[in-house]
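In: quick one: sequence plus predicted model below, questions after.
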Amino acid sequence: MFDVRRQGSPRIESGAGYTSRGGWMPELPEVEIMCRNLARWSLGRPLCQVDVVDSAVDSGGVEEWARKARGRTVGRVWRRGKYAVVELADAEHSLVLHFRMTGKLVAADPERRSSVRIILRLAPEAGRPDCLVFDDARRLGNAWALATAELQDWFETSRKLGPEPWPVHRPAAFWASQLGSIRSPIKVALMRQDRVAGLGNIAASEILWRAGVSPTRQACSLSLEQWDRLAAAVPAFITDTIEREGGDEIAYVNSRGASSHGNPSPFSVYRCDGQPCPRCRAPIERFKQSGRSTFWCAACQEG
DNA sequence: GATACTGTTGGCCA
DNA sequence: CTGGCCAACAGTAT
Ligand SMILES: [Zn+2]
């Protein structure tokens, strides 16, 4: 009945993660793309210098890590929830980044950017950028330097992150198990990082629209069929978003602040209030849940 | 000029 | 335990 793929004529082309006003939200798919880009740019290369331009970004150990990182080689780069991890192949500590709302990791000349917080300077190499910048307009992002061996425990215990929703396949039983005892609305439950890590406000509305589930339903009231549709909608949203946004678009094009003014929205429902539902043409509605905007189609998301 | 709003996390409070 | 509100911050809309 409900196809988790987008239906109707697409509103897009610029990709999810971008608000209708051109702002950029680093949720799970965007952090995944940034990690892939960072790995592509820096894996196996020595760092010749790390500049902590804004010391307020340092939530623990980063300035010391930056001094010791000189000459060390970039190792694995990976994502956990909305966090990015940059390992060093020949040092015990990793750099951990959280982008909050406006943080991004880009290949750019730091002199030409206005909200630089950390600069990773790599030993020059033909074909790969020498300068990677943690750029963060609202300066709410965080960085830590932590022992690589203890990271999994840090994410679980200190950050209280639940399991990953992706890329491992999560069946209906997983969602029922993680969220099925929560009395909050399913939309609020989806954003609980301690139950499932990585889904944010945009993803929650988009996923529920794909699943055909009302955001107002109590999480503990969903039927098995609804958990099934949710289980299908989550990886569909994530992979669609990564595909749409992959490559260098995030890193190079939109990082320059390209305006989306006049462009169609990348979303099915997020910030599409008043526009016709891509599936049934009923107007998309907007309301607040726990202080956050929710967007949905009351006609085809069952309550 | 002032105020509201934006999304994420953590902290505080009832 | 729950759920709600606010701070942190900066830019944009009203
Ligand atoms: Zn609809």
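Out: Alright, I've got the coordinates.

In: not counting sequence-adjacent ones, nearest residue to the residue of chain A found nearest DNA strand B?
Out: Going by C-beta to the nearest atom of the strand, DNA strand B is nearest to A:Gly200 of chain A, at 2.0 Å. Glycine gets a C-beta too; all of them are placed from N, C-alpha and C. In this structure, A:Gly200 finds its nearest non-sequential neighbour in A:Glu27, 4.2 Å apart by C-beta to C-beta, 6 or more residues apart in numbering.

In: pretty sure that neighbour contacts A:Ala197?
Out: No - with contact defined as C-beta atoms under 8 Å, A:Glu27 does not reach A:Ala197; the gap is 11.3 Å.

In: common neighbours of these two, please.
Out: Common neighbours of A:Glu27 and A:Ala197 are listed as A:Lys82 (criterion: C-beta atoms under 8 Å, 6 or more residues apart in numbering).

In: which residue of these two possesses the greater neighbour count?
Out: A:Glu27 (25 against 22; other C-beta atoms under 10 Å).

In: list phi and psi for A:Asp90.
Out: phi -130, psi 30 (degrees, to the nearest 10).

In: quick one, what contacts it?
Out: A:72-73, A:75.

In: and of the residues you listed, the nearest to A:Val50?
Out: Taking C-beta to C-beta as the measure, A:Val50 lies nearest A:Arg72 of the contacts of A:Asp90, at 9.4 Å.

In: so what secondary structure elements neighbour the biggest helix by length in chain A?
Out: Using DSSP state H, we find that the single longest helix of chain A is helix A:224-245. Judged by 3 or more C-beta pairs under 8 Å, 6 or more residues apart in numbering; DSSP states H and E, the packing partners of helix A:224-245 are helix A:28-42, helix A:172-179, helix A:201-211.

In: what is the orientation angle of the helix or strand just after it with helix A:201-211?
Out: Downstream of helix A:224-245, the next assigned helix or strand under DSSP states H and E is strand A:285-289. Counting by axes from the mean of the first three to the mean of the last three C-alpha atoms, to 10 degrees, strand A:285-289 lies at 130 degrees to helix A:201-211.

In: touching the ion at all, strand A:285-289?
Out: No - residues of strand A:285-289 contacting the ion under C-beta under 5 Å from the ion: none, with a closest distance of 10.0 Å.

In: related to what we said a few turns ago, ok, the residue nearest to A:Gly200 - contacts?
Out: With C-beta under 8 Å, 6+ apart, A:Glu27 has these contacts: A:17, A:82, A:198-200, A:202-203.

In: what about stretch A:123-130, start to end distance?
Out: 7 Å (C-alpha to C-alpha, to the nearest Å).
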